[in-house]
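*Asks:* pasting the structure only:
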Ligand code: SF4
Ligand code: SF4
């Protein structure tokens, strides 16, 4: 089974680690993986994305528009930006909290997260909106947003990997003192 | 053999290690940087690795080691090769002994570079063979093959990946450490007729090089990675290959090859040639490919190298094949190819009878410098309904000391006629509003000399050049010597954040650390400037705003060359101070926002606020607020 996944957000939100963990979990199950990341200047507060492809007979790490099974959106506007990649009937997991670009504050442009969520709601049949702020607060760390979203992404069934797969990939990647916290984050949307 | 999930650059690094590389030198530059970093991390203890002061130094160092029989690699981004082009052009005439791979990463888009230059031209220009990988797996194998060719033919060879190959990850098959080659250098053997370049030697070797490259066009026609698809006996996937498609072919290379193969999975398979050695071009293979075809579409990035070669071969062999690509406007002349743009081009090529150029000016097809813009290629029918998306140009980080430096100079020079010549690094982002403090930016180290040039024509302009610490060592010192010697009037601002921030915090001569992990004496920028003869050199912390502004005012109008070193570490390499907060005494004048543009400050529900997860407590905003509404953090309390 081939899967195309897009992760997107703003530089510094932890998209890269999330994409690495999915890759590691898939590989542990013997699934081949290709991915592509934004690296370089855009990481300085710009919009970032990862393309992730699981399955056989892959040539390119990049995804064609209209073919993503799942978009994991760390920010509403960035999710809308990546929406053309979603295939009809695809799944979207999106964090509710909008991040205002510096330019918005300067130019007085009126970027509203809600308008983005409304738009997603009108376009996406399988949409899961996550209140990432509330989740982080409840779990007690501002740094676990990526794990919360990852847990939700696993539960869409679109990754073809289980909660346990993701957790064991995380345990292999992060120092032990962070395991319990991140386990809770992955479980949050259960 | 085992499988590993590796970034293309890491795959190249592991390939070099598996080849027994003895010495690796380079200068950081996106998208090449991770190659050297990965080698440094996984090297055996007798492999020597360094960040050199610039690419020219790296190239010469690797050449020397190769003279002594070592297997070497030198790494850089495409514009870095311009700096190293002097040794490059002569080196081929002299040749090498130990295998030498010149890793140059090209950047179609460009995603993070000044130019869209194509290193395949440099290969042809310098007459060195060039390998062009299309994937991480291929790059891994190619490095190892490149060393073999390099030693067999006594020439350095290029490995030229592009951004999407460098930064693409894949699960690839790699060797176990027991399978690595150990290469033992046999030492430098004195022979001035071999190692000293003289016109007579150049003349003799030139003829040999041309003959060798001619031979290589045949050798590379047999090289397994130059290939025609479908392979003999391989089914084309779809039985519906219609008559006209059987006389059409596609020629491609690099990452575009992978896009083509993905597209052809869902179309009819047509004859496709992958070019993995753009120089010397696999001519016999190309003739086999072209024979029997009427039309060929060339899908490549940057310059139409394959397209020109095929056009030339058609002429040379009288082959009646029409060659399409960038020159015929079937493929966009600039920007990167994408899955979507390649699919569109192939569909147009295969389905239309007369291959009118498709509309390559389609805004979605034009992969602008902003890669995300291309990836947003929305189906046009829906585009109108999409709410306005936030624009996120890269900006200086919250708390970045460069913001304070730029702001101090801007304040000090208010109302004066000035020019601010910028340079390459994070601080190029000082051009963004509201700072707007970069008037020019050309290439590494250029700002200093451009400032002098403007000053010669406009003596009433106060000329500033901004240069980062790493760039200072890499290529600005000669500019200072030039300014001092020629009695220029200018102020040099060194933005010293104690690292090479833009490319991911590499050490440099001023940091006192090497890539081998040694702690060494720091090269002092202040001492260098004094040594050159710059008499006024002031070092201050830009986060002390008043002092910084006063210093600039005091220094700017002195005659001759003056320097101010703004010293404050990059926020990414030191722990942050506690975040500041804005009190209710805020009068909402928005000065903190409109003057500084720190990404940590925002307005929500009509209230000016600081995001504590971004704020590093640099205190700059508190020094700008007219009513002292911003407090907290360590220093500058109240
Ligand atoms: S102290 Fe002010 S200027 Fe500095 S990082 Fe915090 S909000 Fe930005
Ligand atoms: S400068 Fe001070 S008073 Fe003005 S908006 Fe900022 S915090 Fe408020």
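*Replies:* Ah, there it is. Because the structure is predicted, anything quoted here is derived from the model rather than measured. Ligands and ions are numbered 1, 2, ... in the order given.

*Asks:* helix/strand/coil for the most centrally placed residue in chain A?
*Replies:* Nearest to the mean C-alpha position of chain A, by CA atoms, centre = their mean, lies residue A:72 at 3.0 Å. Secondary structure, DSSP: H, G, I helix; E, B strand; the rest coil: residue A:72 is strand.

*Asks:* show me the contact partners of stretch B:196-215.
*Replies:* Outside stretch B:196-215, the residues within contact range by CB atoms under 8 Å, 6 or more residues apart in numbering or on different chains are B:90, B:92-95, B:127, B:129, B:153, B:155, B:193-194, B:279-280. From N, CA and C alone the C-beta is placed, and that goes for glycine too.

*Asks:* just to revisit the earlier point, wait, the residue nearest to the centre of chain A touches residue A:7, no?
*Replies:* Yes - applying CB atoms under 8 Å, one finds residue A:72 in contact with residue A:7, separated by 4.6 Å.

*Asks:* find residues that contact each of those two.
*Replies:* Common neighbours of residue A:72 and residue A:7 are listed as A:15, A:18 (criterion: CB under 8 Å, 6+ apart).

*Asks:* gap between the helix or strand hosting residue A:25 and the chain center?
*Replies:* Assigned by DSSP states H and E, residue A:25 belongs to helix A:15-28. In this view, helix A:15-28 has its centroid 11 Å away from the chain centroid, taken as CA atoms, centre = their mean, to the nearest Å.

*Asks:* which helices and strands sit right next to it?
*Replies:* Packed against helix A:15-28 by the contact rule (3 or more CB pairs under 8 Å, 6 or more residues apart in numbering or on different chains; DSSP states H and E) you find strand A:3-10, strand A:33-37, strand A:47-54, helix A:145-155, helix A:163-173, strand B:2-7, strand B:168-174.

*Asks:* of all the ones you listed, which one is nearest ligand 2?
*Replies:* Proximity to ligand 2, assessed across the helices and strands packed on helix A:15-28 by CB to the nearest ligand atom, is greatest for strand A:3-10 (23.1 Å).

*Asks:* can you tell me what sits against that closest one?
*Replies:* Taking contacts as CB under 8 Å, 6+ apart, the residues outside strand A:3-10 that touch it are A:15, A:18-19, A:22, A:45-55, A:63, A:67-75, A:78-79, A:81-82, A:85-87, A:95, A:99, A:153, A:158-160, B:392.

*Asks:* angle of that strand against strand A:47-54?
*Replies:* With axes from the mean of the first three to the mean of the last three CA atoms, to 10 degrees as the basis, strand A:3-10 and strand A:47-54 are set at 160 degrees to each other.

*Asks:* each with direction, which strands does strand A:3-10 pair with?
*Replies:* Counting by DSSP bridges, the strands paired with strand A:3-10 are strand A:47-54 (antiparallel), strand A:68-73 (parallel).

*Asks:* for these, which one sits closest to residue B:298?
*Replies:* Of all those, it is strand A:47-54 that lies closest to residue B:298, at 25.1 Å by CB to CB.

*Asks:* could you check how far that closest one is from the centre of its chain?
*Replies:* On CA atoms, centre = their mean, the centre of strand A:47-54 falls 9 Å from that of its chain.
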